[in-house]
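[1] sequence plus the predicted model coming up.
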Amino acid sequence: MARAAKQRLPRVPFNASWKTLYHLWQIGEPDGAEKHLYLTSSDYILLREMAQIDSGLDILSLDFDMARQQMSHHSANEKYANISPEADYVLIKLSSRIAQALVADPAVDLMMMHNCSLRLKVDSALALCQRLNIANLIVVENLDSFDNLFGYSFAPDLQTIIDNSMVLYRGSHHYSPAGRKRFLHLINPTKIQVIAFTDLDPAGLMIANTLDHCQRLIVPQLALRAPATLLALPQINSTADFHKQHRQLAYLTKILAANNNVAPMTHTHQPPLSHQHSLGSLTYDDTANAIGLSADWDQLVAWVVRYHVSIKQQHMQAKKLVLSLLHF
């Protein structure tokens with residue numbers, strides 16, 4: 001309501017909230033289909049007056065982008081605040097090397113830092129990034145992989161990055177993604193490199209591709225050098241899980257088609273049987289599958305889609321797969 005009043009929107013969606021205001025205060029005029037509510041300058045004047053009578057708040061002068069604790073100083077209803085409690089916090093870990101800058105007591109076992117995480121307000125996490133000169137931020141999809149990140153096997157060049165990183169949980173269930181979204185929106189991408197570590201499947205690739213400022217992804221080295229060898233490992237790939245990810249698969253095929261200027265690829269539940277598979281100018285044959293794909297985002301996505309790949313982070317650790325960095 002406040003956003004519409006401040007921007008003087010000529011119409012708003014005629015949803016449940018606006019229907020309540022329309023019937024309560026007789027504000028605006030719905031269209032014939034009752035999909036939108038049209039508002040005039042007089043309607044907005046009345047809306048401001050009635051809102052102030054009802055809540056004691058001036059919807060034009062008050063900034064609602066605050067936390068509930070702050071809103072409690074202005075209103076008896078703290079839930080008017082746009083920033084919900086979980087949206088103001090992130091869950092992070094620090095590598096031992098980074099954490100050393102925070103530990104004053106040299107007797108503290110820095111290895112214990114691998115087993116600790118910090119739940120910080122977004123502003124505090126941003127300040128910590130500045131204080132520690134954080135240059136690398138690893139965003140991890142799954143909570144148990146976030147907890148065990150430093151137990152994975154990394155290629156030497158990636159290990160150097162991991163040793164100098166802040167680790168951020170993507171958020172889910174008890175840890176809302178809202179805080180992570182706000183945190184990534186506020187960081188300076190010219191100073192902090194955002195790296196995704198996700199499952200190697202359509203959902204994981206979609207997460208990586210939609211994270212703010214993210215242009216790098218941690219993947220098994222075998223996926224880039226010897227994908228056939230990777231899929232030949234026992235109990236590592238779940239095609240059943242792959243087929244559950246319809247929305248994410250549709251997103252990836254659309255992005256892939258747009259990047260290569262071809263029609264979206266048709267996906268079937270049958271495994272590939274032909275000796276050669278192509279998508280526009282991208283061609284995959286048994287030779288390419290044997291010697292490995294080049295470090296190219298589109299090729300990785302097409303390989304995941306073509307071979308129905310769903311490899312979870314937990315299996316990457318269980319199989320002691322060496323992980324590498326892919327730019328996209």
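    Arrived safely.
[2] which residue ranges of the stretch 151-300 of the chain form strands?
    With DSSP state E, counting those that start in this stretch applied, the stretch 151-300 of the chain shows strands at 153-154, 165-169, 193-197, 214-220, 276-279, 282-285, listed in chain order.
[3] the longest one packs against which elements?
    What it means is strand 214-220. Here strand 214-220 touches strand 193-197, helix 202-210, strand 322-327, going by 3 or more C-beta pairs under 8 Å, 6 or more residues apart in numbering; DSSP states H and E. From N, CA and C alone the C-beta is placed, and that goes for glycine too.
[4] these: which one's closest to Gly151?
    Of all the helices and strands packed on strand 214-220, strand 322-327 sits nearest to Gly151, with 11.6 Å by C-beta to C-beta.
[5] sorry, back to before: got TSV for the helices and strands packed on strand 214-220, with mean pLDDT, mean neighbour count and distance to Asn259 too?
    Shown next, in TSV, are the helices and strands packed on strand 214-220 (pLDDT from 0 to 100; neighbours: other C-beta atoms under 10 Å; distance: least, C-beta to C-beta, whole Å):
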stretch	mean pLDDT	mean neighbour count	distance to Asn259
strand 193-197	97	23	18
helix 202-210	96	22	11
strand 322-327	95	18	15
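[6] determine which of those approaches Ser165 most closely.
    Closest to Ser165 of those is strand 193-197 (C-beta to C-beta; 7.8 Å).
[7] what angle sits between that closest one and strand 214-220?
    With axes from the mean of the first three to the mean of the last three C-alpha atoms, to 10 degrees as the basis, strand 193-197 and strand 214-220 are set at 40 degrees to each other.
[8] in its sheet, what does strand 193-197 sit against?
    Its sheet considered, strand 193-197 pairs with strand 136-140 (parallel), strand 214-220 (parallel) by DSSP bridges.
[9] do you know which of the helices and strands packed on strand 214-220 lies nearest Ala16?
    Comparing those against Ala16 with C-beta to C-beta, the closest turns out to be helix 202-210 (28.3 Å).
[10] which helices and strands does the closest one pack with?
    strand 214-220, helix 246-260, helix 297-306.
[11] recalculate using a threshold of 6 Å.
    helix 246-260 (3 or more C-beta pairs under 6 Å, 6 or more residues apart in numbering; DSSP states H and E).
[12] and the helix it packs on, what does it pack onto?
    Counting contacts by 3+ C-beta pairs under 6 Å, 6+ apart, helix 246-260 packs against helix 202-210, helix 297-306.
[13] that one: how far from the chain's middle?
    Centroid separation for helix 246-260 versus its chain: 17 Å, with C-alpha atoms, centre = their mean, to the nearest Å.
[14] dump the helices and strands packed on helix 246-260 into JSON lines; add distance to Pro177 as well.
    Listed next are those as JSON lines, based on distance: least, C-beta to C-beta, whole Å:
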{"stretch": "helix 202-210", "distance to Pro177": "10"}
{"stretch": "helix 297-306", "distance to Pro177": "22"}
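[15] nearest to Ala318, out of those helices?
    The nearest among these, by C-beta to C-beta, is helix 202-210 at 16.6 Å.
[16] low-confidence ranges, this protein, go.
    Along the chain, the model assigns pLDDT under 70 to residues 103-115, 261-295.
[17] can you pull the contacts of the residue most central in space within it?
    Nearest to the geometric centre of the chain sits Leu211, at 4.3 Å (C-alpha atoms, centre = their mean). Leu211 makes contact with Val139, Ala196, according to C-beta atoms under 6 Å, 6 or more residues apart in numbering.
[18] ok, it to Asn164 distance?
    Distance, Leu211 to Asn164, by C-beta to C-beta, to the nearest Å: 20 Å.
[19] excluding chain neighbours, what is closest to Asn142?
    Spatial nearest neighbour of Asn142, chain neighbours left out: Gln313 (5.3 Å); criterion: C-beta to C-beta, 6 or more residues apart in numbering.
[20] what's the local residue count around the one you found?
    By the criterion of other C-beta atoms under 10 Å, Gln313 has 23 neighbours.
[21] thought it was touching Ser145?
    Yes: with contact defined as C-beta atoms under 6 Å, Gln313 reaches Ser145; the gap is 4.0 Å.
[22] who touches both of these two?
    Contact criterion C-beta under 6 Å, 6+ apart; residues shared by Gln313 and Ser145: none found.
[23] tell me the secondary structure for the residue lying farthest from the centre of the chain?
    Residue farthest from the centre of the chain, counting by C-alpha atoms, centre = their mean, is Ser42 at 41.4 Å. Assigned by DSSP: H, G, I helix; E, B strand; the rest coil, the conformation of Ser42 is helix.
[24] output the strands of the stretch 151-300 of the chain in TSV, with distance to Thr20 appended to each entry.
    Putting those into TSV (distance: least, C-beta to C-beta, whole Å) gives the following:
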stretch	distance to Thr20
strand 153-154	54
strand 165-169	37
strand 193-197	40
strand 214-220	39
strand 276-279	50
strand 282-285	52
